[in-house]
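Asks: No sequence on hand, only this structure:
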């Protein structure tokens with residue numbers, strides 16, 4: 001009889017213990033689940049700061065940075081760069097736009113010498129032009145052009161000078177609609193816009209000449225054509 005009583009007491013105690021353990025496990029699972037949900041939600045919006053308590057971007061590093069194990073160009077078959085990144089005055093990484101005269105290929109940037117940007121003057125409707133504007137200064141429409149077509153509705157044109165460029169600036173000009181005559185040292189244009197040569201340089205239709213501006217002389221020089 002006593003054996004049976006002890007057996008049922010032991011069985012009752014074990015059942016209570018298992019229920020307690022199950023309750024603890026369920027409670028802990030709820031806590032772990034809530035913690036994981038919190039971490040996942042936080043990581044979705046977190047900004048990480050290194051050496052700063054107030055990060056301003058997803059990763060904000062206040063200090064120097066070193067990259068180890070960067071792949072060299074020998075890995076070109078596996079990884080090929082498609083964008084160039086630079087750093088602005090505030091230390092932000094920004095994408096650098098590659099000019100159309102440059103090409104990023106096989107993890108190298110190289111220049112394309114065969115491509116020349118071309119622009120045009122406004123259409124000239126008089127026979128002689130003083131202080132011709134090629135609009136090639138910084139911020140002007142032709143500031144990145146290497147060759148300027150001289151357009152004319154009257155055919156042949158005389159040009160006594162071109163609006164001064166920057167020191168050392170070179171430009172090609174083309175006679176597009178007829179003959180263009182560059183009249184050297186001509187008083188029709190302002191002194192700083194004149195050509196340094198004496199006499200005339202005559203361009204037949206579709207011929208070109210290269211000019212260089214010398215800010216010391218304050219004159220355009222003919223380099224060759």
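Replies: All right, it came through fine. Bear in mind that the values here come from a model prediction, so they are computed numbers and not experimental data.
Asks: Look at residue 107 and report its pLDDT.
Replies: At residue 107, the predicted lDDT confidence score is 79.
Asks: looking at it, it is touching residue 81, isn't it?
Replies: Yes: with contact defined as C-beta atoms under 8 Å, residue 107 reaches residue 81; the gap is 5.1 Å. Just so you know, the C-beta spots here come from the backbone N, C-alpha and C atoms, and that holds for glycine as well.
Asks: Any stretches of this protein with poor pLDDT?
Replies: Residue ranges of the chain with pLDDT under 70: 1-45, 67, 69-78, 113-114.
Asks: can you map out the helices along it?
Replies: When secondary structure is read from DSSP state H, the chain shows helices at 2-45.
Asks: Which residue ranges make up the domains of it?
Replies: Domain segmentation of the chain under automatic domain parsing yields 2-46, 62-111, 118-224.
Asks: Dump those to TSV, plus mean neighbour count and distance to residue 52.
Replies: Conversion of those to TSV gives the following (neighbours: other C-beta atoms under 10 Å; distance: least, C-beta to C-beta, whole Å):
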stretch	mean neighbour count	distance to residue 52
domain 2-46	10	14
domain 62-111	10	4
domain 118-224	17	37
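Asks: Just tell me which of those ends up closest to residue 56.
Replies: Taking C-beta to C-beta as the measure, the domains of the chain were each checked against residue 56, and domain 62-111 came out nearest at 9.0 Å.
Asks: Distance from the chain centre to the closest one, please.
Replies: Remark: domain 62-111 is offset 12 Å from the chain centroid, using C-alpha atoms, centre = their mean, to the nearest Å.
Asks: what do you get for stretch 110-120?
Replies: A distance of 17 Å separates the C-alpha centroid of stretch 110-120 from that of its chain, computed with C-alpha atoms, centre = their mean.
Asks: Over to stretch 142-156?
Replies: Averaged C-alpha coordinates place stretch 142-156 at 28 Å from its chain's average position (C-alpha atoms, centre = their mean).
Asks: Return the distance of residue 123 relative to residue 202.
Replies: 21 Å (C-beta to C-beta, to the nearest Å).
Asks: typo on my end, it should be residue 194
Replies: Counting by C-beta to C-beta, the gap from residue 194 to residue 202 is 17 Å.
Asks: What residues does residue 96 make contact with?
Replies: For residue 96, the contacting residues are 83-86, by C-beta atoms under 8 Å, 6 or more residues apart in numbering.
Asks: Give me the distance between residue 107 and residue 184.
Replies: From residue 107 over to residue 184 the distance is 50 Å, taken as C-beta to C-beta.
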